[in-house]
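Peer 1: Here is my input, please return the structure:
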Amino acid sequence: MDLTTTCSRFTKSVCFGLAAALGLLALPQASFTAQAQEGSRVVAVGSSATEIVYALGQQHRLVAVDTTSTYPEAATELPDVGYMRALSAEGLLSVEPDLVLMMEGSGPAATLDVLKASSVPLVAVPEGFTKQAVLEKIEVIGEALNVPDKAKALSETVAADLDAAIAEAADTSTRPRVMFVLSISGDRLTVSGTNTAADAIIELAGGVNAMDSFEGYKPVVTEALLSARPDVVLMMTRHGAEDMKDAMNRVPALDQTPAGQNEAYIAMKGSYLLGFGPRTADAIRELSSKLKKLTPEG
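Peer 2: Residues are numbered from 1 along each chain as shown. Down below sits the predicted model:
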């Protein structure tokens, strides 16, 4: 599977959207400390972790972020310690952090061992694809930064926004069958099954995962694609809309599905669509709106 197609920041090539989508976020939380810190030199690893630090108004404490942290734009001006799955201890320690916030699944393990031996406090931020998971991320980061009151206020705002967005998305009689495509190799698609960030965001936005017979991400054969009959194809943004259509045109079997016949294709930025952070309500609304336009009721 080619993971070198989506990120351009500092010429780094692997994007959070792929990491989240692939489910590469499973390091046990017990490997980290979790007490409140007075960190004034904080490193945030993981797009949603960085977004939450900014949403809590604690960005002045950041001294570095990882490659996946491209929002808000100001985060891209901070030193980059590398991709969250391929961190080096030297790179992290070079910015002299007194607290490191890491999405679960960051690594490799050898780097974490060096960091723990150096006595730099590490806090695991749990990953998940639900409203409660978003709120838990905020709570953990708020506690780690010793700003629980700010975290509580942010959680209340985010929870209300998520509730509203989910209710708005559910207000439809049409639930289109959506196929999330992770990658294309020749005419072969790798798509999302169940228990993924893509599966969750499709459901929250009012769609139905067209590929619900397996978990995780798998290549699909033509017969499975035809049987799934997706109404819409969803992908992470790579280039422009025309490039997406060109990519879909390389898969002849799509022409025999409602999505291909109607060119019902949607592309959204991976970290925004799949990040499950403070902007997830906006992502739900945007995806829901696009789905409703492509598959109108009646």
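Peer 1: would you list every one of the strands in the stretch 101-250 of the chain?
Peer 2: 122-125, 177-185, 188-192, 208-209, 217-220, 232-236 (DSSP state E, counting those that start in this stretch).
Peer 1: and the ones you listed, which is most packed in?
Peer 2: Highest mean neighbour count among the strands of the stretch 101-250 of the chain (mean count of other Cβ atoms under 10 Å): strand 232-236, with a mean of 26. No exception for glycine: its C-beta is placed from N, CA and C like everyone else's.
Peer 1: Which neighbouring elements make contact with that strand?
Peer 2: If you count contacts as 3 or more Cβ pairs under 8 Å, 6 or more residues apart in numbering; DSSP states H and E, strand 232-236 packs onto helix 16-22, strand 177-185, helix 241-249, helix 258-261, strand 265-268, helix 270-274, helix 280-294.
Peer 1: Just the buried residues of the last one, please?
Peer 2: Buried residues in helix 280-294, counting neighbours by 16 or more other Cβ atoms under 10 Å, are found at Thr280, Ala281, Ala283, Ile284, Arg285, Glu286, Leu287, Ser288, Lys290, Leu291, Lys292, Leu294.
Peer 1: would you turn those residues into JSON lines with distance to Thr174?
Peer 2: Output for the buried residues of helix 280-294, formatted as JSON lines (distance: Cβ to Cβ, whole Å):
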{"residue": "Thr280", "distance to Thr174": "22"}
{"residue": "Ala281", "distance to Thr174": "21"}
{"residue": "Ala283", "distance to Thr174": "20"}
{"residue": "Ile284", "distance to Thr174": "16"}
{"residue": "Arg285", "distance to Thr174": "17"}
{"residue": "Glu286", "distance to Thr174": "17"}
{"residue": "Leu287", "distance to Thr174": "14"}
{"residue": "Ser288", "distance to Thr174": "11"}
{"residue": "Lys290", "distance to Thr174": "13"}
{"residue": "Leu291", "distance to Thr174": "8"}
{"residue": "Lys292", "distance to Thr174": "7"}
{"residue": "Leu294", "distance to Thr174": "10"}
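Peer 1: Could you save these as a markdown table and add columns showing distance to Gly39 and pLDDT?
Peer 2: As requested, these are arranged in a markdown table below (distance: Cβ to Cβ, whole Å; pLDDT from 0 to 100):
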| residue | distance to Gly39 | pLDDT |
| --- | --- | --- |
| Thr280 | 26 | 99 |
| Ala281 | 28 | 99 |
| Ala283 | 29 | 99 |
| Ile284 | 32 | 99 |
| Arg285 | 34 | 99 |
| Glu286 | 34 | 98 |
| Leu287 | 35 | 98 |
| Ser288 | 38 | 98 |
| Lys290 | 39 | 97 |
| Leu291 | 41 | 97 |
| Lys292 | 44 | 95 |
| Leu294 | 45 | 94 |
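Peer 1: coming back round to it: possible to save the strands of the stretch 101-250 of the chain as CSV with distance to Ser94?
Peer 2: Output for the strands of the stretch 101-250 of the chain, formatted as CSV (distance: least, Cβ to Cβ, whole Å):
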stretch, distance to Ser94
strand 122-125, 16
strand 177-185, 33
strand 188-192, 36
strand 208-209, 43
strand 217-220, 34
strand 232-236, 31
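Peer 1: closest one to Gly260 among those strands?
Peer 2: strand 232-236 (7.8 Å; Cβ to Cβ).
Peer 1: and the closest one, average pLDDT?
Peer 2: The pLDDT scores in strand 232-236 average 95.
Peer 1: outside of that strand, which residues touch it?
Peer 2: With Cβ atoms under 8 Å, 6 or more residues apart in numbering as the test, strand 232-236 has contacts from 6, 15, 17-18, 21, 176-182, 198, 202, 207, 244, 247-248, 254, 259-260, 264-270, 273-274, 287, 291, 294-295.
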